[in-house]
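>>> Following is a predicted model, sequence given first.
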Amino acid sequence: MLIYALIAFAIAAVGDLILAAHVVRGKFAPWALSLLHAAFGALGPILLITLLVQGAASQTILIGFVLLLVAALGGFFLASFHLRQKAAPKAIVVVHAGVAVVGFLTVLSQVFLHAPSAPSSHRAFSGGVLVAYRHHRFRRALARRDCVSAWNKGPRFGVRP
């Protein structure tokens, strides 16, 4: 889920760069791009909320989430200018983008640094290794022609054909 949130934020960041370029040049940003940026910018925090509610997120993700919420508030403020068809203040655009980048990098650091406070990633990995090891033991017992022993132990959940 964290990877999907980061993908949504990355797509929103690309839209943000294009929108910011329009604002810096003094042009009015296209509505379709603004709505696409808002949709992906809203999808990311929703996915992070899901992680936080499940308890599968570390404090680093919580800090990044709070920073991204602050960036979202700045985005709502900028959208109000867009609705009134007025040029957005360049300083607010820069602050919005800066806070969003810092929040994105904070959440991204959790993926690359594998902090010990990220229990979900470790649990998923160790569970997969355990299943693979059990399967390996079962196949090895069959290869040793210890078929009776392997059949009595059965597969992982004891289901036989």
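Thanks, I have the structure now.
>>> Now do the buried residues in stretch 7-17.
Neighbour-count burial for stretch 7-17 flags 8-9, 11-13, 15-16 (criterion: 16 or more other C-beta atoms under 10 Å). Any C-beta I mention is one placed from the backbone N, CA and C, and that applies to glycine too.
>>> Quick check: of these, which lies closest to residue 59?
residue 9 (18.7 Å; C-beta to C-beta).
>>> pLDDT score for that closest one?
Note for residue 9: predicted pLDDT of 91.
>>> Pretty sure it sits against residue 44.
Yes - in this structure residue 9 lies within contact range of residue 44 using C-beta atoms under 8 Å: 4.3 Å.
>>> Could you name every residue contacting both of the two?
Residues touching both residue 9 and residue 44 (C-beta atoms under 8 Å, 6 or more residues apart in numbering) are residue 68.
>>> circling back: filter the buried residues of stretch 7-17 down to the ones in helices?
If you go by DSSP state H, these have 8-9, 11-13, 15-16 in helices.
>>> Pick the one among those closest to residue 60.
Using C-beta to C-beta, those come closest to residue 60 at residue 9, 14.8 Å.
>>> check contacts around that closest one.
Here residue 9 is in contact with 40-41, 44, 68, 100, 104, 107 (C-beta under 8 Å, 6+ apart).
>>> Just put these in CSV and tack on pLDDT and secondary structure.
Below are these laid out as CSV (pLDDT from 0 to 100; DSSP: H, G, I helix; E, B strand; the rest coil):
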residue, pLDDT, secondary structure
40, 92, helix
41, 89, helix
44, 91, helix
68, 93, helix
100, 93, helix
104, 92, helix
107, 90, helix
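>>> among the residues you listed, who's most crowded?
Comparing the contacts of residue 9 by number of neighbours (other C-beta atoms under 10 Å), residue 44 comes first, having 26 neighbours.
>>> I'd assumed residue 10 was in contact with it.
No - the criterion here is C-beta under 8 Å, and residue 44 misses it with residue 10 at 9.0 Å.
>>> Give the residue spans of this structure that score low on pLDDT.
114-161 (pLDDT under 70).
>>> how about the helices in it?
All helices of the chain, identified by DSSP H, fall at 2-24, 31-54, 59-83, 90-113, 119-143, 147-153.
>>> Tell me how this protein divides into domains.
2-115, 121-153 (automatic domain parsing).
>>> Tell me which of those is the most buried.
Comparing these by mean neighbour count (mean count of other C-beta atoms under 10 Å), domain 2-115 comes out on top with a mean of 16.
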